[in-house]
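Participant: fold the stuff below for me.
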Amino acid sequence: MAGEVVEKGATLADVAQRAGVSPSTVSRTLRGLSTVSPETRARVEEAARELSFAISRSASSLVTGRTGRVAVLVPNLDSWFLGAALAGMAPALNAAGLDMLIYSVTTAEQRAQFFDRLPARRNADALLVVSFALSPEERARLDDLGMPLVFVSQHEQGRAGVYVDDVEAAQRGTRYLLNLGHRRIAYLEPADASGFAWSSRARLDGYRTALAEAGIDQDDDLVRQVAHWQGPSLEAAVGRLLSLAEPPTAIFAETDDIAFRLLTVLRGVNVPVPQRMSILGFDGHAMAEPWDLSTMAQPARRLGEAAAELAHRVIHDPEAHRERHVVLPVELVPRGSTGPAPIPRPRPGDGEGVRERRA
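Facilitator: From the prediction side, this is the model:
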């Protein structure tokens, strides 16, 4: 239409003209290369801001061979831990000039498609694998990606990773309950096989090791599986524990999410906590303090942040960091859900026997 003014987006040449430099200098500056002086960089960045110009990832990748993205593989987006870890990754990746591309693989079909197609290939510069239990075949397929891998909240020999020592932490948590006088300690673990099961065996191993060190025989009746959504119910697990000839006086829940539900169930059947039953969780969930839950607190957000930092280093120097491991601490946070073991109640018939001996 005559007289109409059509505004077009600024080009790299426009930024170069305004900053008084060559287009190639603008390209080097906005791609973060170190060959540009601080004064020139500031001038180019100011001109780019004034013109609302940003170099495209696709254009940059043609020159650098990098996409400027980090892919993240997670088994779901429902758990507090994964949300906290991702919340730690995002700002750290952003500070390194990297975007985050999330692959949430929640079903068997999605899992098969992901490892068949490997969509992260050519779409990212590195892959973060977060709490995802891998089969040997799936691990081999990830190696086929030809990009740096960083494992988060899980330990893979010979591969870069950021994690906590689940065995040692669970051992310490069980020892804490033992030191309170508990000898019948139950353990509740997730029963679902969604892939978010990396730490299950490690934490259970730590629990069993602590009991063995204390000279307490293993009792399989005290280890129960509960499902997050479908499968063995928490109510049924509690019912079985409370109906044992020698019920537990403490329960170690593998996650704080299970512990929260456990507190609700016990309250519903009038089992006082911690007077009759002590409850210890694992995670350091944001709601643990208002629930007054004792927990083995892992730094979930810091795990994500450290993983992003390690991914950035691996991208730029894969050989130097290929097998680097970052192990973060887990802290015991005692609260009102744990206390000394209760005085054993006499079994049915014990009172009569005492009276007979006194007679």
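Participant: so residue 187 is in contact with residue 220, correct?
Facilitator: No: contact criterion Cβ atoms under 8 Å: residue 187 and residue 220 do not qualify, at 10.3 Å. Quick note: C-beta positions are derived from backbone N, CA and C, even for glycine.
Participant: who has more neighbours, these two?
Facilitator: Using other Cβ atoms under 10 Å, the more surrounded residue of residue 187 and residue 220 is residue 187, with 23 against 6.
Participant: tell me how far the more buried one lies from residue 78.
Facilitator: Residue 187 sits 23 Å away from residue 78, going by Cβ to Cβ, to the nearest Å.
Participant: what do you get for residue 122?
Facilitator: Note on residue 122: its distance to residue 78, by Cβ to Cβ, is 29 Å.
Participant: got it, and residue 299?
Facilitator: Relative to residue 78, and taking Cβ to Cβ, residue 299 is found at 20 Å.
Participant: between those two, who's got more neighbours?
Facilitator: Comparing residue 299 with residue 78 by other Cβ under 10 Å, the one with more neighbours is residue 299, at 18 against 15.
Participant: which residues of the stretch 151-300 of the chain score low on pLDDT?
Facilitator: Applying pLDDT under 70 to the stretch 151-300 of the chain flags the ranges 192-200, 228-232.
Participant: can you tell me which residues contact residue 82?
Facilitator: If a contact means Cβ atoms under 8 Å, 6 or more residues apart in numbering, then residue 82 has 74-76, 130-131, 196 as its contacts.
Participant: so what's the residue nearest to residue 153 when sequence neighbours are not counted scoring on pLDDT?
Facilitator: Sequence neighbours aside, residue 131 is the residue nearest to residue 153 in space, at 4.5 Å (criterion: Cβ to Cβ, 6 or more residues apart in numbering). Per-residue confidence (pLDDT) for residue 131: 89.
Participant: now the strands: where do they sit in the chain?
Facilitator: Taking DSSP state E to define them, one finds strands in the chain at 69-74, 99-104, 126-130, 149-152, 160-164, 185-190, 223-226, 250-253, 278-283, 294-297, 325-328, 331-333.
Participant: out of these, the one nearest residue 342 is which?
Facilitator: Residue 342 lies closest, by Cβ to Cβ, to one member of these: strand 278-283, at 9.1 Å.
Participant: buried residues, that closest one. List them.
Facilitator: Using 16 or more other Cβ atoms under 10 Å as the test for burial, strand 278-283 gives 278-283.
Participant: same deal with stretch 87-94?
Facilitator: Buried residues in stretch 87-94 (16+ other Cβ under 10 Å): 88-90, 92-93.
Participant: any idea how far that stretch is from the chain center?
Facilitator: 14 Å (Cα atoms, centre = their mean, to the nearest Å).
Participant: partners of residue 226 in the sheet?
Facilitator: Per DSSP bridges, the residues bridged to residue 226 are residue 190.
Participant: list the contacts of it.
Facilitator: Residue 226 is in contact with 188-191, 232-234, 237, 258, counting by Cβ under 8 Å, 6+ apart.
Participant: mind putting the residues you listed into TSV with neighbour count and distance to residue 135?
Facilitator: Listed next are the contacts of residue 226 as TSV, based on neighbours: other Cβ atoms under 10 Å; distance: Cβ to Cβ, whole Å:
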residue	neighbour count	distance to residue 135
188	25	26
189	21	20
190	20	18
191	17	19
232	14	24
233	14	28
234	18	28
237	23	28
258	24	25
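Participant: from what I can see residue 287 touches residue 263, true?
Facilitator: No: here residue 287 does not reach residue 263: they are 11.0 Å apart, not a contact under Cβ under 8 Å.
Participant: find residues that contact each of those two.
Facilitator: residue 293.
Participant: who has more neighbours, these two?
Facilitator: Neighbours per residue (other Cβ under 10 Å) separate residue 287 from residue 263, with residue 263 holding more: 21 against 11.
Participant: any idea how far residue 38 is from that one?
Facilitator: As judged by Cβ to Cβ, residue 263 and residue 38 stand 56 Å apart.
Participant: and residue 281, by the same measure?
Facilitator: Residue 281 is 49 Å from residue 38, by Cβ to Cβ.
Participant: now the helices for the chain?
Facilitator: Remark: helices assigned in the chain by DSSP state H are 12-19, 23-30, 38-50, 57-64, 80-95, 108-117, 136-143, 166-179, 200-213, 234-242, 256-268, 300-316, 318-321, 350-358.
Participant: which of these sits closest to residue 344?
Facilitator: Residue 344 lies closest to helix 350-358 among these, at 9.8 Å (Cβ to Cβ).
Participant: what's the neighbour count on residue 35?
Facilitator: As a burial measure, residue 35 scores 8 neighbours (other Cβ under 10 Å).
Participant: also residue 136?
Facilitator: Other residues near residue 136 come to 7 when the count uses other Cβ under 10 Å.
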